[in-house]
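with the sequence up front, the predicted model follows.
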Amino acid sequence: MGANPFSFVHSSSLFTRSFSRLSSLSARAGRTFWARVLGSFSHTPRTIGLVWKFTPRGLLSVLLLTLVSAVLPVAVAWIGKLIVDAVIYARDVPEGVARELAHERVIRLVALELLVVVAISLVNRMTALTRQIVGARLGIDLNVLILEKALKLALRHFEDAKFYDKLTRARREASSRPLLLISQNLQIVGGVVTLFGYTALLLRFSPWPALALLILALPAFVAEARYSGITFRMLNRRSPEMRRLNYLEYIIGNDEHAKELKLFGLGPMLLERYKTLSEQFYKEDCKLAVRRSSWTFVLSLLGTGSFYGCYIAIALAAATGHLSLGDMTLYIVAFRSSQNAFLSILTALGNMYEGNLYMSNLFEYFAIPTETPVRSALPSAFAEEGFRFEKVGFQYSDTKKWVLRDISLFIPRGENLALVGENGAGKTTFIKLLTRLYRPTEGRILLDGRDLQDYDEVALRTRLGVIFQDFNRYQFVVRENVGFGSIEHMADEARIARAIERGGAREFVAALVSGLDTQLGRRFQEGAELSGGQWQKIALARAFMREEADILVLDEPTAALDAKTEQAIFERFRRLARGRTAIIISHRFPTVRLSDRILVLEEGCIVEQGTHSQLLDLKGRYSRFFKLQAAGYN
């Protein structure tokens, strides 16, 4: 049987189509890669603007020094060529005046090269010093900017794990990356200046060395840029695990957790988790580092090969008399130095790609929108003093479950209101809505007939005296711990003393070694550690610093206190709360039973409300809770 005359044509056509398709895919991949690389440089102008904002003189100084340091090496190469030629001329010139003049010329050229080399050393040291100073300034200012942004964000951001990932990415190397990015830009500028100088020298010999240098150095740059992107994406992916690693380190090395770690024997288990996670990161880093180094080394051999190819051509030209020894020395130095300058440019470009990716994290963090009050479009139908909840509901953004739903309620000015209910019923969320730490998902809250969102935030907060059950334990002196409750009056000794008295902390504060100036906590030298109840009294005193506040909120404020101290504090609180609105969350019925009204919350809804006796008569949830707790005392 004869061969099919169309089989070869068909096979060739299939191969051609396959090759064409592969080429098309490669071209698209290449365009995508370069588009990604070029797109990432969009953050460079913003970064330069950021550095200029904080330290314009420093930026100009580094730029000027970089340009000077870029020109001087070319001058050294040229002077070196002149020295070699002068030495050969001095050796061949006849003895006499001409030889003496030739020797003097050699000495002058060597002295000139010495001056240039000294200038290079001086400029390099000045550049390093300037970068250090600019870096220190930039580190402080940028971290302040990050923290200022954090202060402007709403409470919900700090209760969102995704936000913490963004914050971790923004703070990771944020103080060093902008300056590094600027330095890499300047490195490119300096490298280009140096490269132009050496290229001008090389063109006197041949344009081919410069062309070979350009083409054969590109593969190494592509590899560097590719692995920079891989590294960036890997570190971004790690952000949640890095926070877990930092948290484990915090637990193991923190005094707040030391007791339970020792009593429950948790230390070895948590340390093992820390080691496992660290080893996982180590293996990933090593694997990537080996791959990156291997590829860049192999591809850099192309540039090395091109150098020695040109080296042979230059050496042969000198051997045949087409070049002087000085020219040969100049071209070899120029080619080697231009190769280093070009590689330096490509390395800086690769680092800029990585640096821009990191800067995208920082700018993404700065782009988080801050909440602006949404003015109510609906006028209030009430002219009244107090809080009014109108069909208020709240749910977190990452869940569809309603924490509170359909809350309609009026709290008149001066009422003493208590909230009770099981854990998770929505009591603390109710307080956070009332204090405008949260914004309702639906409905609205009015204060004195005006939408809560219409109030100036600072003016509103001055009306509030609040202590939450998870109050802060500031590792500062007593005076500051209490004074933080009203920072405008931190220097008012009498007010601080009254707040300490009202919080029930007078006796133990007086017993401290340095009184109000005693350092609290164990993190700093000579710090005094307090008991849980004493810390709670300090927190209560902090809330009582706001003497002008007409709304007092206590969210489980006495959980760590004994019954006698709790009773004394609440009696004092009721005296202080006369004429003010007071809202209390407590699980202890002796505390809540004296309130003007009690709300019973269950699964985010108000299921009962009334006085203590009214709720007992209902024989509902409150009555069951009360009898269960009363039985515990019998």
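Received it, and whenever you're ready, just let me know what you need.

what about stretch 497-511, how long is it end to end?
14 Å (Cα to Cα, to the nearest Å).

need the contact list for residue 141.
Residue 141 makes contact with 54, 55 under the criterion Cβ atoms under 8 Å, 6 or more residues apart in numbering. To be clear about C-beta, it is placed using only N, CA and C from the backbone, and glycine gets the same treatment.

ok, now how distant is it from residue 55?
Residue 141 sits 8 Å away from residue 55, going by Cβ to Cβ, to the nearest Å.

same question for residue 602.
58 Å.

so which of the two has more stuff around it?
Of the pair residue 602 and residue 55, residue 55 is the one with more neighbours under other Cβ atoms under 10 Å, namely 20 against 15.

per-residue confidence for the more buried one?
Per-residue pLDDT puts residue 55 at 81.

list the contacts for residue 62?
Taking Cβ under 8 Å, 6+ apart as the test, what residue 62 contacts is 127, 130, 131, 134, 182, 183, 186.

does it sit in a helix, a strand or a coil?
helix (DSSP: H, G, I helix; E, B strand; the rest coil).

helices and strands of the protein: which one bottoms out on pLDDT?
helix 7-40 (a mean of 46; mean pLDDT, DSSP states H and E).

distance of residue 238 relative to residue 162?
Applying Cβ to Cβ to residue 238 and residue 162 gives a distance of 15 Å.

looking at those two, which one has more neighbours?
residue 238 (19 against 12).

excluding its backbone neighbours, what's nearest that one?
Ranked by Cβ to Cβ, 6 or more residues apart in numbering and with sequence neighbours excluded, the top spatial neighbour of residue 238 is residue 281, at 7.0 Å.

how many neighbours does the one you found have?
15.

same thing with the one 5 residues further on?
Counted with other Cβ under 10 Å, the neighbours of residue 286 add up to 10.

please identify which helix or strand holds it.
Remark: residue 286 resides in helix 267-319, with elements defined by DSSP states H and E.

and that helix, what does it pack onto?
Applying 3 or more Cβ pairs under 8 Å, 6 or more residues apart in numbering; DSSP states H and E, we find helix 267-319 packed against helix 208-252, helix 325-366.

and residue 234, what does it touch?
With Cβ under 8 Å, 6+ apart, residue 234 has these contacts: 284, 288.

how close does it sit to residue 180?
For residue 234, the distance to residue 180 - Cβ to Cβ - is 19 Å.

do the same with residue 432
41 Å.

nearest residue to residue 150 other than its sequence neighbours?
Nearest one to residue 150, counting by Cβ to Cβ, 6+ apart, is residue 167 at 7.3 Å.

ramachandran coordinates for that neighbour?
Dihedral angles of residue 167 (phi, psi; degrees, to the nearest 10) stand at phi -60, psi -40.

around it, how many other residues sit close by?
When neighbours are counted by other Cβ under 10 Å, residue 167 comes out with 21.

need the contact list for it.
Listed by Cβ under 8 Å, 6+ apart, the contact set of residue 167 reads 146, 150, 365.

just to check, the first one is in contact with residue 365?
When you say that, I think you mean residue 146. Yes: in this structure, residue 146 is within contact of residue 365 by Cβ atoms under 8 Å, at 7.1 Å.

find the residues that touch each one of those two.
Counting by Cβ under 8 Å, 6+ apart, the residues touching both residue 146 and residue 365 are 167, 170.

the two: which is more packed in?
Set residue 146 next to residue 365 and count neighbours by other Cβ under 10 Å: residue 365 wins out with 21 against 17.

and the residue nearest to that one when sequence neighbours are not counted, helix, strand or coil?
Nearest residue to residue 365, sequence neighbours excluded (Cβ to Cβ, 6+ apart): residue 170, at 3.6 Å. At residue 170 the chain is in helix, as set by three-state DSSP.

wait, residue 170 sits on residue 368?
No: look at residue 170 against residue 368 with Cβ under 8 Å: they stay out of range, at 9.5 Å.

the two: which has the busier surroundings?
Of the pair residue 170 and residue 368, residue 170 is the one with more neighbours under other Cβ under 10 Å, namely 23 against 16.

who touches stretch 267-284?
Against stretch 267-284 from outside (Cβ under 8 Å, 6+ apart): 234, 238, 241, 244, 245, 248, 249, 251, 252, 261.

which one among these gets closest to residue 295?
residue 234 (16.2 Å; Cβ to Cβ).

measure that closest one to residue 465 for me?
Distance from residue 234 to residue 465, by Cβ to Cβ: 48 Å.

cool, residue 593 as well?
If you go by Cβ to Cβ, the gap between residue 593 and residue 465 works out to 23 Å.

and the two? Which one has more around it.
Taking neighbours as other Cβ under 10 Å, residue 593 and residue 465 compare with residue 465 leading, 25 against 15.

is it fair to say the more buried one lies in a helix?
No: under three-state DSSP, residue 465 sits outside any helix and is assigned strand.

what bridges to it?
Residue 465 has these beta-bridge partners by DSSP bridges: residue 552.

give the contact list for it.
Residue 465 touches 485, 543, 544, 545, 546, 549, 551, 552, 553, counting by Cβ under 8 Å, 6+ apart.

how about a cut-off of 10 Å?
485-486, 542-554, 576-577, 580, 582 (Cβ atoms under 10 Å, 6 or more residues apart in numbering).

can I get the buried ones among the residues you listed as something I can paste into PyMOL?
Restricted to buried positions by 16 or more other Cβ atoms under 10 Å, the PyMOL selection for these reads:
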select buried, resi 485+486+542+543+544+545+546+549+550+551+552+553+554+576+577+580+582
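
which of the contacts of residue 465 fall within strands?
551, 552, 553, 554, 582 (DSSP state E).

what's the distance between the closest residue in space to the third one that isn't next to it in sequence and residue 487?
What it means is residue 553. Nearest residue to residue 553, sequence neighbours excluded (Cβ to Cβ, 6+ apart): residue 466, at 4.4 Å. Distance of residue 466 to residue 487, computed by Cβ to Cβ: 15 Å.
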